[in-house]
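>>> Take a look and give me a structure for this.
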Amino acid sequence: MFEHCPELQRTHGLVRQFAAMLESRDATPLPDWLDHLAASRLPALASLASALREDQAAVVQGITTPFNSGVNEGRITDLKLQKRLMAGRAGVPLLRHRVILMALLRRRHL
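Modelled structure (predicted):
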């Protein structure tokens, strides 16, 4: 499937390894996985490894526990996006309306 792009093949393998950690809720392989990311010779993955190492305890917590703040993070992202899109052109009522609409649209696609 990725024979023509070795970088994509390496990336796919690394993503699957991380997915396996998430599925099994086992962060034991995380340090070695971060080493593989850093050694991948792909700048974006090496940068990701560096960022994840900065808060490795939180990453381990995210892998090993069933609790997360994904829904809240998504809503915060939606709110920030709407604020940037409107760029001061409208007030709080319109922002509120657009955020509620975004939440309804997100629910339909889940």
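>>> Relative to Gln61, how far out is the residue most central in space within the chain?
Most central in the chain under C-alpha atoms, centre = their mean is Gly70, positioned 9.2 Å from the mean C-alpha point. Going from Gly70 to Gln61 by C-beta to C-beta, to the nearest Å gives 14 Å. From N, CA and C alone the C-beta is placed, and that goes for glycine too.
>>> Likewise for Cys5?
Here Cys5 is placed at a distance of 34 Å from Gln61 (C-beta to C-beta).
>>> Pull out the buried residues from the helix or strand hosting Val59.
Assigned by DSSP states H and E, Val59 belongs to helix 56-64. Of the residues in helix 56-64, those buried under the neighbour-count criterion (16 or more other C-beta atoms under 10 Å) are 59-60, 62-63.
>>> where do the helices sit along this protein?
In the chain, helices defined by DSSP state H lie at 6-24, 30-38, 43-54, 56-64, 70-86, 92-108, listed in chain order.
>>> For Asp78, which non-adjacent residue is closest in space?
Met102 (4.6 Å; C-beta to C-beta, 6 or more residues apart in numbering).
>>> wait, doesn't Glu7 sit right on Leu42?
Yes: look at Glu7 against Leu42 with C-beta atoms under 8 Å: they come within range, at 5.9 Å.
>>> Output the below-cut-off pLDDT ranges for this protein.
Filtered on pLDDT under 70, the chain yields the residue ranges 1, 109-110.
>>> Which of the buried residues of helix 56-64 sits closest to Ala90?
Using C-beta to C-beta, Gly62 is the member of these that sits closest to Ala90, with 35.5 Å.
>>> neighbours around the residue nearest to that closest one when sequence neighbours are not counted, how many?
Leaving out its chain neighbours, the residue that sits closest to Gly62 by C-beta to C-beta, 6+ apart is Asn68, at 6.3 Å. For Asn68, the neighbour count with other C-beta atoms under 10 Å is 10.
>>> List phi and psi for Asn68.
Recorded main-chain torsions at Asn68 are phi -150, psi 170, according to degrees, to the nearest 10.
>>> how close does it get to Glu23?
When C-beta to C-beta is applied, the distance between Asn68 and Glu23 equals 14 Å.
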